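Chemist: requesting a structural model of the entry that follows:
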Amino acid sequence: MSKILVLCTGNSCRSQMAHGYLSKFLPDYQIYSAGTKPEPVNKFAIKVMKEENIDISKNSSNHITDYNKINFDYVFTVCDNAKENCPVHLKFTKKKIHQSFFDPAKATGSDDEKILVYVKVRNEIKFFLKDFISVNKL
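Modeler: Numbers count the residues shown, from 1 in each chain. Next comes the predicted model:
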């Protein structure tokens with residue numbers, strides 16, 4: 001079974017959303033997500049993914065070292081910081097893909113204004129992953 005890791009800094013928003021979509025789009029793959037400095041899964045990320053009928057509320061935020069012994073077929077880095085700090089063992093990954101997305105946790109304003117930012121980033125991640133899967137025939 002093919003294995004995919006989504007890596008971000010906090011493993012609270014972007015990587016969790018990507019994890020949710022990849023699990024939905026590629027049910028025959030083992031999907032993992034991790035952070036270089038993990039934080040709890042973000043409540044707004046949970047909310048906007050629920051709008052897509054994807055439940056990430058039970059996901060955990062993991063540190064990249066939790067997966068030291070797994071050889072991944074693909075590693076997606078979804079922020080520049082994660083790409084820069086990608087651990088050495090991941091150099092043996094078959095394919096690395098980098099696409100940086102704005103960190104929605106940096107959104108300011110009311111909760112409604114923040115949600116709009118999360119939705120925008122969520123949709124960018126969804127369309128990026130759909131395109132990647134289609135082009136690469138996964």
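Chemist: measure how buried the residue lying closest to residue 73 once chain neighbours are set aside is and give me the count.
Modeler: Sequence neighbours aside, residue 2 is the residue nearest to residue 73 in space, at 4.4 Å (criterion: Cβ to Cβ, 6 or more residues apart in numbering). The way it works is simple: take the backbone N, C-alpha and C, and place the C-beta from them, glycine included. Burial of residue 2 is recorded as 13 neighbouring residues (other Cβ atoms under 10 Å).
Chemist: which residues touch residue 2?
Modeler: Going by Cβ atoms under 8 Å, 6 or more residues apart in numbering, residue 2 touches 26, 28-30, 73-74, 138.
Chemist: which non-adjacent residue is nearest residue 105?
Modeler: residue 13 (5.4 Å).
Chemist: tally of neighbours for the one you found?
Modeler: 32.
Chemist: before we move on, what about residue 123?
Modeler: Using other Cβ under 10 Å, residue 123 is surrounded by 13 other residues.
Chemist: now for the helix or strand where it lies, which elements pack on it?
Modeler: Using DSSP states H and E, residue 123 falls within helix 111-136. For helix 111-136, the elements it packs on are helix 14-25, helix 43-50, judged by 3 or more Cβ pairs under 8 Å, 6 or more residues apart in numbering; DSSP states H and E.
Chemist: now the element after the last one, going C-ward?
Modeler: Spelled out, that is helix 43-50. Next helix or strand after helix 43-50 toward the C-terminus (DSSP H and E): strand 74-77.
Chemist: can you list contacts of the next helix or strand after that next one?
Modeler: Note on strand 74-77: by DSSP H and E, the next helix or strand toward the C-terminus is helix 80-84. For helix 80-84, contacts defined as Cβ under 8 Å, 6+ apart pick out 7-9, 15, 35-36, 77, 98, 100.
Chemist: what residues are up against the residue nearest to residue 105?
Modeler: Going by Cβ under 8 Å, 6+ apart, residue 13 touches 42, 44-45, 103-105, 118, 121.
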